[in-house]
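**Q** I'll drop the sequence and a predicted model, then ask my questions.
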Amino acid sequence: MDDITLKSLWKVQDEKLDRTMKLNLFILDSMQKQKAQSKLKGLARLKLVAVILGILWTLFLGVLVYGNQLQNIYFTVSVGMIMLITIAAIAIYIKHIVLIKELDYSQSITDTQKKLAKLQASTFNNRFILLQTPFYTTFFWSTEMIQASVTKFCLIAVPITLLFTLLTLWVYKNLTPLKMHKKWVSYLLKNDPEQVPVMQAQKFLNEIEEFKKAS
Amino acid sequence: MMQNNKDEFLKQIDEHKLIIYKICNSYCKNRNDRDDLVQEIIYQLWRSYNHFNGTVKFSTWMYRVALNVAITFYRKTKTSEAIIQLGEPDIDFEDSKEDRSELEENKNLLQQFINELKELDKALMILYLEEKSYNEISEILGITETNVATRISRIKDKLKQKFSTLNNKDHG
């Protein structure tokens, strides 16, 4: 099978494709309206919802901190850290929305697909939000609580916070598609429906890198 | 001005519609998806048309947009398509069994082989079969010309192997 035969075979399709496929160029205007709901915009919409929820959550936390008037330093620091991590996540999502809006399909295939796959992977993979977890175990601490029973505080509250901190850092470091070679990571990610698009995007990113490599 | 722009665009698309059809046929296995993809590509081409500044050839620009849209569409519908595929032939042209000459079978085999390739290899092979130069293929895909040549050669080897295996079976 030589090159000419291959290309001739490819050309045989032309007539039949022309006969069987439809190209409706007269609905260009109505199509523009319909496509306002396109799938890619869905990705931006998902991030926009996350931004709105994040802002509302941050405002709520801000009201709590303001209401506390620095009376409880543990509460202020804990809620303040949760707010900071949420604000960072909001900023990243806003950056992603801008990137989606600016996505240019007329750039080279590998560049555009790489940007898209990165965006898809990051949508579900903002792992650093996990880092706020330990602060949910400290916001209710108070000087009165510690003074009432130092022993109880040291034997129960501190170990729980330490455990959550270590667990969070460990999960943050390990639960990533990059560590799929580990059996337990593979098991957890494959059974988490939210992680499937991340893994697919990550797999495609690897394929793009492989494709770009000079053989 | 806008109307002239639109007329010019529609003219260009009509001239290149077969390319769009071939891309859609290679990235979609069922007819409804193919029609959706055709419309999606036309829409994205129209959206980008105002930014087309002639720094690259029209065909290079068009292939970039069409293939990017097709690959994105394909990746999003891959899961559902895998299910549909079980009950539906790859190409549903209305040929009767009598029409199935050797040429016809080889054509279907080639299309089947293209359909089975990974997204990026598929784009590469479509461009090669459309007789694009290695330079233009490298511009469209964003890889080096050497890489284009090596990959095409590998894919062709696999294809030839597939054809010869099948021919041997037929004659065996």
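**A** Cool, the structure landed. The shown structure was predicted, so the numbers you read here are calculated from the model rather than taken from an experiment.
**Q** Spit out the contact partners of A:Ser8.
**A** By CB atoms under 8 Å, 6 or more residues apart in numbering or on different chains, the contact list for A:Ser8 is empty. Placement of C-beta: from N, CA and C, glycine included.
**Q** In three-state terms, label A:Lys47 for me.
**A** Secondary structure state of A:Lys47, per DSSP: H, G, I helix; E, B strand; the rest coil, is helix.
**Q** Near it, how many other residues are there?
**A** Residues near A:Lys47, counting by other CB atoms under 10 Å in any protein chain shown, number 22.
**Q** distance of it from B:Leu110?
**A** 41 Å (CB to CB, to the nearest Å).
**Q** swap in A:Ile52?
**A** To B:Leu110, A:Ile52 is 50 Å away according to CB to CB.
**Q** Number of residues surrounding B:Lys122?
**A** Neighbours of B:Lys122 using other CB under 10 Å come to 22.
**Q** That one contacts B:Ser26, correct?
**A** Yes: B:Lys122 is within contact range of B:Ser26, at 5.8 Å (criterion: CB atoms under 8 Å).
**Q** Show me the common contact partners of the two, please.
**A** By CB under 8 Å, 6+ apart, the residues touching both B:Lys122 and B:Ser26 are B:114-115.
**Q** Helix, strand, or coil at A:Gln107?
**A** Quick answer, by three-state DSSP: A:Gln107 is coil.
**Q** State the distance from it to chain B.
**A** Computed as CB to the nearest CB, to the nearest Å, the A:Gln107 to chain B distance reads 7 Å.
**Q** How about that residue: what's its closest non-neighbour residue?
**A** B:Arg64 (6.7 Å; CB to CB, 6 or more residues apart in numbering or on different chains).
**Q** B:Thr77 now?
**A** B:Asp33 (5.9 Å).
**Q** For the helix or strand that that neighbour is a member of, buried residues please.
**A** If you go by DSSP states H and E, B:Asp33 is part of helix B:31-49. For helix B:31-49, burial by neighbour count (16 or more other CB atoms under 10 Å in any protein chain shown) applies to B:33-35, B:37-46, B:48-49.
**Q** what comes up buried for the one helix or strand B:Thr77 maps to?
**A** In this assignment (DSSP H and E), B:Thr77 forms part of helix B:58-85. Within helix B:58-85, the residues that count as buried by 16+ other CB under 10 Å are B:60-77, B:81.
**Q** returning to what we had before: tell me what the helix holding B:Asp33 is packed against?
**A** helix A:28-34, helix B:2-15, helix B:17-27, helix B:58-85 (3 or more CB pairs under 8 Å, 6 or more residues apart in numbering or on different chains; DSSP states H and E).
**Q** Excluding chain neighbours, what is closest to the residue of chain B found nearest chain A?
**A** Going by CB to the nearest CB, chain A is nearest to B:Gly142 of chain B, at 2.9 Å. Nearest-residue entry for B:Gly142: A:Ser108, 2.9 Å, with adjacent residues in sequence omitted and distances by CB to CB, 6+ apart.
**Q** Is it correct that the one you found is in contact with B:Val65?
**A** No: the pair A:Ser108 / B:Val65 is not scored as a contact, 11.2 Å apart, by CB under 8 Å.
**Q** Could you find the closest non-adjacent residue to A:Ile109?
**A** B:Leu141 (4.9 Å).
**Q** hang on, the one you found packs against B:Met125?
**A** No: in this structure, B:Leu141 is not within contact of B:Met125 by CB under 8 Å, at 11.2 Å.
**Q** what residue ranges in chain A are flagged as low confidence?
**A** For chain A, the stretches with pLDDT under 70 are A:1, A:15, A:19-43, A:123-126, A:177, A:191-195, A:198, A:214-215.
**Q** Please name the residues that touch the spatially most central residue of chain B.
**A** Closest to where the C-alpha atoms of chain B average out (CA atoms, centre = their mean) is B:Ile23, at 2.6 Å. With contacts defined as CB under 8 Å, 6+ apart, B:Ile23 is in contact with B:41, B:66-67, B:70, B:126.
**Q** about what we covered before: in contact with the residue of chain B closest to chain A: list those residues for me.
**A** Going by CB under 8 Å, 6+ apart, B:Gly142 touches A:107-111, A:212.
**Q** List phi and psi for it.
**A** Dihedral angles of B:Gly142 (phi, psi; degrees, to the nearest 10) stand at phi 80, psi 30.
**Q** separation between it and A:Glu210?
**A** In terms of CB to CB, B:Gly142 sits 14 Å off from A:Glu210.
**Q** Then B:Tyr134?
**A** Here B:Tyr134 is placed at a distance of 20 Å from A:Glu210 (CB to CB).
**Q** Settle it for me: which of those two has more neighbours?
**A** A side-by-side neighbour count of B:Tyr134 and A:Glu210, using other CB under 10 Å, places B:Tyr134 first with 16 against 11.
**Q** quick one: secondary structure of A:Lys16?
**A** Applying three-state DSSP: A:Lys16 is helix.
**Q** Give the burial count for it, as a bare number.
**A** Count around A:Lys16 with other CB under 10 Å applied: 16.
**Q** With adjacent residues omitted, what lies nearest to A:Ile90?
**A** A:Gly54 (4.3 Å).
**Q** same thing with A:Ser122?
**A** Nearest non-adjacent residue to A:Ser122 (CB to CB, 6+ apart): A:His96, at 6.4 Å.
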